[in-house]
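Asks: sequence and computational prediction follow.
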Amino acid sequence: MKLLSVVIPCYNSQEYMKYCIESLLPGGEDVELLIVNDGSSDKTTEIANEYAKAYPSIIRAIHQINGGHGEAVNTGIKNATGLYLKVVDSDDWVDTRAYLKILNILKEFTNENKSIDMFISNFVYEKEGSKFKKVMKYDDVLPEGKIFTWDDIGKFKKGQYILMHSVIYRTQLLRNCNLVLPKHTFYVDNLFVYVPLKYVKDIYYLNVDFYRYFIGREDQSVNESVMIKRIDQQIKVNKLMIDTVDLQSIENENLYSYMLSYLEIITVVSGILLIRSGTKQNLEKKKELWKYIKEKDIKVYRSLRYGIMGRMLNLPGVPGRKMCIGAYKISQKIVGFN
């Protein structure tokens, strides 16, 4: 059994996948790299096969009919032989020093017959053309140098979230919680990190800037104009987060608070994009989303709708929507997201 499986979903990734793969090779024989080619029509297939041939004990190339990012991750989970699992998108990369530190700690746990459910590290927004690089850190809310539980965490700030880029999950935990991401759907990384959280007991945090999250391409799924075009998929993921996890079943107050906060930001993003689109149809979709949440969980609805962000999102009329968009633009500059 390998120590770590790294799933690399690839779709027409010929221009950048090599950089991603090369950044992961220093893990050596402790790691398996699963290049999941999701029905690409460019040279992704050839590149994946070349790497698998060059590193047969480390790299496996898996080719499938196009099913979207979520289905590529599903395939990776099914085929993983590692004790732990990490997803690295093909246009992102990892820092070598941080990578080796993480592997050493995971190896120590294994040698000592210790097991954790989730390993957390920092990630960096590598925004194209930006001098300022935002680092998502957790040293002010998570204990360092020891295994801990949800009881030990502090209160996360607004804008501070554990994303897919931050986490390494125990592979069997992902299987035990029956995580299956929807096909042909963008933004499923939110489901990947959110759904398993209620099953997580033991956690470890290492304060290193491991994952480098590249943003800035015009065709990228997190580009605002692209997100507005795909707003129905954002709403779909938003609703699936509500449907899949019953927040009222979570007994730990710290975990409940964090997951509610995560759901809040996803809902706010949905609402902001619907407002930004400027169409009457999408403003109706915003109303429908709030109605959906209310019908599913009245307690969650009240927390989201009447919190600061929910109130801002629902300021009345054109002036209210302009104020909401203004606040959104300021937060974009401060945080550095796309």
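Replies: Great, that's in hand. This is a predicted model, so every value here is computed, not measured.
Asks: only C-alpha atoms for contact and neighbour calcs from this point on.
Replies: Fine.
Asks: just checking, what packs against the longest strand along the chain?
Replies: Longest strand of the chain, by residue count under DSSP state E: strand 203-215. With contacts defined as 3 or more C-alpha pairs under 8 Å, 6 or more residues apart in numbering; DSSP states H and E, the packing partners of strand 203-215 are strand 93-94, helix 96-111, strand 118-127.
Asks: want to throw those into JSON lines with mean neighbour count, distance to residue 265 and mean pLDDT?
Replies: Converted to JSON lines, the helices and strands packed on strand 203-215 look like this (neighbours: other C-alpha atoms under 10 Å; distance: least, C-alpha to C-alpha, whole Å; pLDDT from 0 to 100):
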{"stretch": "strand 93-94", "mean neighbour count": "22", "distance to residue 265": "25", "mean pLDDT": "98"}
{"stretch": "helix 96-111", "mean neighbour count": "15", "distance to residue 265": "28", "mean pLDDT": "98"}
{"stretch": "strand 118-127", "mean neighbour count": "22", "distance to residue 265": "18", "mean pLDDT": "94"}
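Asks: still on that earlier bit, now do the same for the longest strand of the chain: mean pLDDT, whole number.
Replies: Mean per-residue pLDDT for strand 203-215: 96.
Asks: just the CA trace of it, in PDB.
Replies: The C-alpha trace of strand 203-215 is given here as PDB (Å, rounded to 0.1, in the frame of the first residue of the first chain):
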ATOM      1  CA  ILE A 203      -7.100  16.100  12.500                       C
ATOM      2  CA  TYR A 204      -3.500  17.400  12.000                       C
ATOM      3  CA  TYR A 205      -2.500  20.800  10.800                       C
ATOM      4  CA  LEU A 206       0.900  21.700   9.400                       C
ATOM      5  CA  ASN A 207       1.600  25.400   8.900                       C
ATOM      6  CA  VAL A 208       3.300  25.300   5.500                       C
ATOM      7  CA  ASP A 209       2.200  26.800   2.100                       C
ATOM      8  CA  PHE A 210       1.800  23.500   0.300                       C
ATOM      9  CA  TYR A 211      -0.800  23.900  -2.500                       C
ATOM     10  CA  ARG A 212      -0.400  26.500  -5.200                       C
ATOM     11  CA  TYR A 213      -3.800  27.400  -6.600                       C
ATOM     12  CA  PHE A 214      -3.500  29.000 -10.000                       C
ATOM     13  CA  ILE A 215      -6.300  31.500 -11.000                       C
END
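Asks: tell me the first helix or strand C-terminal of it.
Replies: Going down the chain from strand 203-215, the next helix or strand is helix 224-229, by DSSP states H and E.
Asks: ok, back up a step: take the helices and strands packed on strand 203-215 and write them to a markdown table, including distance to residue 296.
Replies: As requested, the helices and strands packed on strand 203-215 are exported to a markdown table (distance: least, C-alpha to C-alpha, whole Å):
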| stretch | distance to residue 296 |
| --- | --- |
| strand 93-94 | 38 |
| helix 96-111 | 39 |
| strand 118-127 | 29 |
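Asks: quick check: angle from the longest strand of the chain to strand 118-127?
Replies: 20 degrees (axes from the mean of the first three to the mean of the last three C-alpha atoms, to 10 degrees).
Asks: and the helices in this protein?
Replies: Ranges of helices within the chain are 17-24, 44-54, 69-79, 96-111, 171-176, 189-194, 224-229, 231-244, 253-277, 280-296, 298-305, 308-313, 317-335, based on DSSP state H.
Asks: tabulate these (a markdown table), appending distance to residue 4.
Replies: Shown next, in a markdown table, are the helices of the chain (distance: least, C-alpha to C-alpha, whole Å):
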| stretch | distance to residue 4 |
| --- | --- |
| helix 17-24 | 11 |
| helix 44-54 | 17 |
| helix 69-79 | 12 |
| helix 96-111 | 8 |
| helix 171-176 | 9 |
| helix 189-194 | 17 |
| helix 224-229 | 32 |
| helix 231-244 | 27 |
| helix 253-277 | 26 |
| helix 280-296 | 37 |
| helix 298-305 | 36 |
| helix 308-313 | 38 |
| helix 317-335 | 31 |
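Asks: out of those helices, the one nearest residue 143 is which?
Replies: helix 253-277 (14.0 Å; C-alpha to C-alpha).
Asks: my guess is residue 168 meets residue 116, correct?
Replies: No: look at residue 168 against residue 116 with C-alpha atoms under 8 Å: they stay out of range, at 9.9 Å.
Asks: pick out the residue closest to the middle of the chain.
Replies: Central residue of the chain (C-alpha atoms, centre = their mean): residue 164, 2.7 Å from the mean position.
Asks: ok, that one - contacts?
Replies: Counting by C-alpha atoms under 8 Å, 6 or more residues apart in numbering, residue 164 makes contact with 87, 189-190, 192-193.
Asks: nearest to residue 146, of the residues you listed?
Replies: residue 193 (21.6 Å).
Asks: out of the helices of the chain, which one sits most buried?
Replies: helix 69-79 (a mean of 22; mean count of other C-alpha atoms under 10 Å).
Asks: of the helices of the chain, which is nearest residue 154?
Replies: Using C-alpha to C-alpha, those put helix 253-277 closest to residue 154, at 7.8 Å.
Asks: next one: that closest one to chain centre, how far?
Replies: 14 Å (C-alpha atoms, centre = their mean, to the nearest Å).
Asks: distance check, residue 33 against residue 87.
Replies: In this view, residue 33 and residue 87 are 10 Å apart by C-alpha to C-alpha, to the nearest Å.
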